[in-house]
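*Asks:* sharing a sequence plus its predicted fold:
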Amino acid sequence: MKIDLDMPSDRQPPKDGDAAQNRGAKLFHEKRYVSHDGLSLYYRDYGETLAGTPILCLHGLTRNSKDFEQLAPILLEMGRRVLVPDVRGRGQSDYDSRPENYHTSIYAEDVLELLEAEGIDKVAVIGTSMGGMVALSLALMQPEILAAVVLNDVGPEIDPVGLAHIISYVGQVVSFSSWEDAENACRFIASAAYPTLDDEGWRLMTRRLFKEQDGNIIGDYDPAISELFRTVLPSGPAPQLWEGFDRMRAIPVLTIRGALSNILSTVTYEEMCFRMPEMTAIEVPNVGHVPLLTEPESLKGIKDWLGKIS
């Protein structure tokens, strides 16, 4: 599918003036492609001329491509091309008028169309939370495209405790009059997951989760993404993607778990290690859902994982 927009990387810096974010902005091109059902979907392309297996970074449920602003430049310095999309309904991608399409299998289809648009037939995936579930869906749909996978605090089953926590806040239409208020709300929701995060860390997280619109600070996603969680998941068991996980046996797999996670339970984590003993498994201390992937343990694991990709 033809790419319909390629914006130069020397765009205006973000209004918040964050130096790290501005440096990252110079490293990628902003692109778009059109999905099978007509949505204009956005992605960042770091190092588009680099050869070798590219890395595809997939964000979590309420997040977007800004989540990888620190990791993507590190991967680029390691000589890897990095693609980071905004999944439909998030960030700069179109919102879907049909909420039932906010589903991992549809996201996986979108990913396949992105790879087709770029002429990529094999990719290594770093999937955070929902992004990891998309990777598991890809393993079910088209496993041959996967060169390697990182599952960041996610597995074939969701812990019901964490699912209940997600349902308690996702999709709520909230608006803040200041970035300070938005940051306080972010701390309230996620403080248990990041007990040691400093003030700068909270500021960066808030800027990635929210956007300014018409003078208000709102979540940078379509509230309708909550449809799946409010109508489908509560009426039955959490999604099980063990078949997709088992299909990854032939490729390098790294699972990163936050030691305080309420999404990837110790039971599921241990079952993953048992079923795939060749998998590399790392627990990040003092972090819940999800590790930011900038922790020393995460970075070392990812660097070793990259070394296993041809």
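*Replies:* Arrived safely, thanks for sending.
*Asks:* from here on, contacts and neighbour counts on C-alpha atoms
*Replies:* Noted.
*Asks:* against L204, how distant is E180?
*Replies:* From E180 across to L204, the span is 12 Å (C-alpha to C-alpha, to the nearest Å).
*Asks:* any idea how far the residue sitting nearest the centre point of the chain is from R187?
*Replies:* Nearest to the geometric centre of the chain sits H59, at 1.1 Å (C-alpha atoms, centre = their mean). Distance, H59 to R187, by C-alpha to C-alpha: 20 Å.
*Asks:* then F28?
*Replies:* According to C-alpha to C-alpha, F28 stands 30 Å off from R187.
*Asks:* which one of those two is surrounded by more residues?
*Replies:* Shown here are F28 and R187; by other C-alpha atoms under 10 Å, F28 has more neighbours (24 against 19).
*Asks:* need the pLDDT of the more buried one.
*Replies:* Note for F28: predicted pLDDT of 96.
*Asks:* do A164 as well
*Replies:* pLDDT at A164 comes out at 81.
*Asks:* list the buried residues for stretch 154-166?
*Replies:* 154-160, 162-163, 166 (16 or more other C-alpha atoms under 10 Å).
*Asks:* more neighbours, E180 and L204?
*Replies:* L204 (17 against 13).
*Asks:* name the residues of the helix or strand hosting that one that are buried.
*Replies:* For L204, the host element (DSSP states H and E) is helix 199-209. Using 16+ other C-alpha under 10 Å as the test for burial, helix 199-209 gives 202-209.
*Asks:* give the contact list for D159.
*Replies:* Applying C-alpha atoms under 8 Å, 6 or more residues apart in numbering to D159 gives the contacts 238, 262-265.
*Asks:* can we see that at 6 Å?
*Replies:* D159 is in contact with 263, 265, counting by C-alpha atoms under 6 Å, 6 or more residues apart in numbering.
*Asks:* double-check that V149 belongs to a strand.
*Replies:* Yes: counting by DSSP: H, G, I helix; E, B strand; the rest coil, V149 falls inside a strand.
*Asks:* so what sits opposite it in the bridge?
*Replies:* V125, V253 (DSSP bridges).
*Asks:* quick check: it touching V253?
*Replies:* Yes: using C-alpha atoms under 6 Å, V149 is in contact with V253, at 5.0 Å.
*Asks:* any idea which helix or strand comes after the lowest-mean-pLDDT helix or strand in the chain?
*Replies:* When each helix and strand of the chain is scored by mean pLDDT, DSSP states H and E, helix 19-25 comes last, with a mean of 42. Per DSSP H and E, the first helix or strand lying C-terminal to helix 19-25 is strand 28-34.
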